[in-house]
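# here's a sequence, model it:
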Amino acid sequence: MTRATDKQFDGEEAFIDGDGPDSLSPSVVDGDPGRRLPQDDDDEDPDGHDIEAPRSQAALSDDEVAAKIRALEERLDTMIRRPGALPDADAAPPSRFTPSKTVPPGPDSTVFDTARELLSTEFYMRKWGRLGMRNRSEEVDDFGKDPVYEKKVEPFFDFLYERYFRVECEGIDGIPADGRCLLVANHSGTLPYDGMMIKTAVKREHPQHRDVRWLAEDFLFHFPFLGSFSNRIGAVRACQENAERLLQQESLTAVFPEGVKGIGKLFRKRYQLQRFGRGGFIKLALRTGTPIIPVAVVGAEETNPMLLRIDYLSHMMGIPYIPVTPTFPLLGPLGLLPLPTKWKILFGSIVRWNEYGPEAADDEMLVGRLAEQVRGEIQSMLDRAVKQRASVWLG
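Predicted coordinates:
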């Protein structure tokens, strides 16, 4: 640091410190860099230590600066651990989460402090959080998809696709090589594996290996880990706004207009399409000018055949229903494992409605008619595939 002249101190240093030239000590006026400001007798910190006036940065070595920082950190830790050292949090807004009361053991901690830390839940929550952040992508998209995590679980879905369900595809070449498109499929199976299998099928079998984003039911995101897991592998919470954002990004998007009614129907109603809601997917296609491809999934209905459905207890648990299958709840959680049925996914011809503009989405009569047209096409594809199937297990 260069030595300042008297004029520089009068015009800069004095006013930066908040004092006028008259308040400077004679040593400063003389240009002495080792100046000390006048101190009062009561100038001391809450611990009773005298506060030493700062010296210039040139007079402190790196080791001295590091030592002072360590000393300040130790004093701050001491203040935090001391009962009543911090102000009460009466003015703080209420929070749903209880703040951590466990302080990590410091250099002066005893074996009891260490044991208390190891027995606290906050310790394991911190470890779990750090473990969960390992091997994650530095970038995720707007909906939480994590390319690194998806790559790690991809072998598991490949096993389900190739070895367990032995999926066959038909008409997959009709999917456009690029650009936005809606895959409208039937929803089946007590547990919705169809979205993941459609995604895996297009990724493996399509000439351009396109990525599919599918809209998942809202109740999935109320389960611990299942919601975040679905987001990280490409699922998106089902709503009109999310679907429109995906199509604006030119994504290949799969939708299931039956919703919960499709996966919640009893086994005796298998492969009978339920009502397609109010035609939300038709409105979406008309507003965004997106083509539609009907998709039929055969084989998922038999993975967890639902014999009964309990509704009155499910609302307390935040799920639409409690399934009763030949294996669940008899075998406990193992009863939810899907049976190794033979799957077949059929992709229909692409449907474009270029003659209608975005304003056609407000015509309820037109929307209902187009929705029934797509529903009828998917139902005919299902009927044909089920009739041609010789065995549930072998296809």
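
# list the contacts for the residue lying closest to residue 238 once chain neighbours are set aside?
If you skip the residues right next to it in sequence, residue 238 has residue 215 as its closest partner in space, 3.8 Å away by C-beta to C-beta, 6 or more residues apart in numbering. Where C-beta positions appear, they are placed from N, C-alpha and C, glycine not excepted. Applying C-beta atoms under 8 Å, 6 or more residues apart in numbering, we find residue 215 in contact with 235-239, 242-243, 253-256.

# pull out the buried members of these.
235-238, 242-243, 253-256 (16 or more other C-beta atoms under 10 Å).

# now, which of these sits nearest residue 161?
Among the buried ones among the contacts of residue 215, residue 254 lies closest to residue 161 (C-beta to C-beta), at 15.1 Å.

# ok, back up a step: what residues are bridge-paired with the residue nearest to residue 238?
On the basis of DSSP bridges, residue 215 is bridged to residue 236.

# against residue 184, how distant is it?
11 Å (C-beta to C-beta, to the nearest Å).

# what residues do the two have in common as contacts?
Common neighbours of residue 215 and residue 184 (C-beta under 8 Å, 6+ apart) are 254-255.

# now do the contacts for the residue nearest the centre of the chain.
In the chain, the residue lying closest to the centroid (C-alpha atoms, centre = their mean) is residue 144, at 4.0 Å. Taking C-beta under 8 Å, 6+ apart as the criterion, residue 144 is in contact with 228, 231-232.

# for ChimeraX, what selects the buried ones among these?
This is how ChimeraX selects the buried members of the contacts of residue 144, with burial counted by 16+ other C-beta under 10 Å:
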select :231,232
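
# quick check: of the contacts of residue 144, which lies closest to residue 139?
Among the contacts of residue 144, residue 232 lies closest to residue 139 (C-beta to C-beta), at 12.8 Å.

# the stretch 251-395 of the chain: strands as residue ranges?
Here the stretch 251-395 of the chain has its strands, by DSSP state E, counting those that start in this stretch, at 252-255, 292-298, 308-310, 322-324, 344-347.

# so what touches the longest one?
Strand 292-298 is touched from outside by 174-175, 181-186, 188, 194, 197-198, 254, 271, 281, 285, 343-352, 374, 377-378, 381-382, 385-386, 389, with contacts defined as C-beta under 8 Å, 6+ apart.

# 7 Å instead?
Strand 292-298 is contacted from outside by 174-175, 181-186, 188, 194, 198, 285, 343-348, 350-351, 374, 377-378, 381-382, 385-386, 389, using C-beta atoms under 7 Å, 6 or more residues apart in numbering.

# ditto for the fourth one
Contacts of strand 322-324 with the rest of the structure, by C-beta under 7 Å, 6+ apart, involve 190, 304, 306-310, 313-314.

# what's the answer for the first one, then?
Applying C-beta under 7 Å, 6+ apart, the contact partners of strand 252-255 are 175, 181-185, 195, 198, 202, 210-215, 243, 246-247, 281.

# now those residues: which count as buried?
Here, 16+ other C-beta under 10 Å leaves 175, 181-185, 195, 198, 202, 210, 212-215, 243, 246-247, 281 buried among these.

# now intersect these with the helices, please.
The helices, defined by DSSP state H, take in 195, 198, 202, 243, 246-247, 281 from the buried ones among the contacts of strand 252-255.

# which of the helices and strands in the protein ranks last by mean pLDDT?
Using mean pLDDT, DSSP states H and E, the weakest-scoring helix or strand in the chain turns out to be helix 14-16, at a mean of 39.

# now the two most distant members of the contacts of residue 215.
239 and 254 (14.7 Å).

# just for this protein, where's the confidence low?
Within the chain, the stretches with pLDDT under 70 are 1-59, 81-138.

# so it: which segments form each domain?
1-34+52-66, 147-388 (automatic domain parsing).

# adding distance to residue 73, write those out as a markdown table.
Listed next are the domains of the chain as a markdown table, based on distance: least, C-beta to C-beta, whole Å:
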| stretch | distance to residue 73 |
| --- | --- |
| domain 1-34+52-66 | 11 |
| domain 147-388 | 35 |
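
# what about stretch 356-371, start to end distance?
This stretch, stretch 356-371, spans 14 Å end to end (C-alpha to C-alpha, to the nearest Å).

# not counting it itself, show me its contacts.
By C-beta under 7 Å, 6+ apart, stretch 356-371 touches 276, 279, 282-283, 286-287.

# what are the buried residues along that stretch?
356, 360-361, 366-367, 370-371.

# what of stretch 169-178?
Under 16+ other C-beta under 10 Å, the buried positions of stretch 169-178 are 169, 171-172, 175.

# what about it, start to end distance?
End to end - C-alpha to C-alpha - stretch 169-178 spans 19 Å.

# just stretch 173-184 next, same as before
Stretch 173-184 end-to-end distance (C-alpha to C-alpha) = 16 Å.

# got it, and stretch 167-181?
End-to-end span of stretch 167-181 (C-alpha to C-alpha): 22 Å.

# and for stretch 185-194?
One end of stretch 185-194 to the other measures 9 Å (C-alpha to C-alpha).

# can you check stretch 255-269 too?
Distance between the two ends of stretch 255-269: 21 Å, counting by C-alpha to C-alpha.

# and what of stretch 232-243?
End residues of stretch 232-243 are separated by 17 Å (C-alpha to C-alpha).

# ok so, going back, ChimeraX command for the buried members of the contacts of strand 322-324?
Selection of the buried residues among the contacts of strand 322-324 in ChimeraX, burial being defined by 16+ other C-beta under 10 Å:
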select :190,304,306,314
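
# in the contacts of strand 322-324, find the pair that's most separated.
304 and 313 (18.4 Å).

# show me what counts as buried in stretch 70-78.
Here stretch 70-78 shows no buried residue, counting by 16+ other C-beta under 10 Å.

# verify the contact between residue 203 and residue 196 for me.
No: look at residue 203 against residue 196 with C-beta atoms under 7 Å: they stay out of range, at 10.4 Å.

# so these two - more neighbours on which side?
The residue with more neighbours, out of residue 203 and residue 196, is residue 196; 21 against 17, by other C-beta atoms under 10 Å.

# what's near enough to touch the more buried one?
residue 157.

# narrow the contacts of residue 144 to those in helices?
228, 231-232.
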